[in-house]
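Asks: sequence isn't available, so here's the structure alone:
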């Protein structure tokens, strides 16, 4: 899944209005992606008790094992053998210095962190170049009441329509 240059991302002239996402596609994408992480973190915590166990996890392999259990329980239609690694990168994008770092997980975590906190279209394309991330993003975009989960951040009905359009655009990719 890749955002093309001719997408609405760069073609809209922006007028400074509210600090809420409004009409800016980059802010809309960032809002979607942060909600994406929030959704999987909440599901992961609910399924594995990670939030309670977080301080006691001393090895990265334990976190990856929890992620694999989560995938088996919550995503049985998973077509990827290594989806647990991608879930780990998503829920733990900040690397723990006490963990022995798996190089692939370190790269994935860095990509997730860059997209969430230093967003640009190129970084988003880097993330979506992984079919595993595209798979879990599409799964997130198909949840019931997605707009309610993302929250009321829009400043107008037009902004909500823009959010819906960007969700549909991402879901089709």
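Replies: Right, received. Where do you want to start? This structure is a prediction, so every number in the text was calculated from the model and none was measured.
Asks: what's the helix or strand for residue 159?
Replies: Taking DSSP states H and E as the definition, one finds residue 159 inside helix 157-172.
Asks: can you tell me the average pLDDT over that helix?
Replies: If you average the pLDDT over helix 157-172, you get 83.
Asks: and what of stretch 72-91?
Replies: Per-residue pLDDT values over stretch 72-91 give a mean of 94.
Asks: do the same with stretch 117-136
Replies: Across stretch 117-136, pLDDT averages out at 93.
Asks: can you get me the start-to-end distance on it?
Replies: 19 Å (C-alpha to C-alpha, to the nearest Å).
Asks: what do you get for stretch 74-82?
Replies: Counting by C-alpha to C-alpha, the length from the leading to the trailing residue of stretch 74-82 is 15 Å.
Asks: and the helix holding residue 159, what does it pack against?
Replies: In terms of contact count using 3 or more C-beta pairs under 8 Å, 6 or more residues apart in numbering; DSSP states H and E, helix 157-172 is assigned the packing partners helix 8-11, helix 25-48, helix 131-141, helix 146-150. All C-beta atoms are positioned from the backbone trio N, CA, C, and that covers glycine.
Asks: now do it against helix 131-141, angle only.
Replies: An angle of 140 degrees separates the directions of helix 157-172 and helix 131-141 when computed by axes from the mean of the first three to the mean of the last three C-alpha atoms, to 10 degrees.
Asks: what's around the nearest residue to residue 170 once chain neighbours are set aside, how many residues?
Replies: Ranked by C-beta to C-beta, 6 or more residues apart in numbering and with sequence neighbours excluded, the top spatial neighbour of residue 170 is residue 141, at 6.0 Å. Here the count is done by other C-beta atoms under 10 Å, and residue 141 has 16 residues near it.
Asks: for the one 3 residues further on, same thing?
Replies: A count of nearby residues for residue 144, using other C-beta under 10 Å, gives 6.
Asks: sec struct for it, please.
Replies: In three-state terms, and counting by DSSP: H, G, I helix; E, B strand; the rest coil, residue 144 is coil.
Asks: and residue 68, what does it touch?
Replies: Under the criterion of C-beta atoms under 8 Å, 6 or more residues apart in numbering, the contact partners of residue 68 comprise residue 84.
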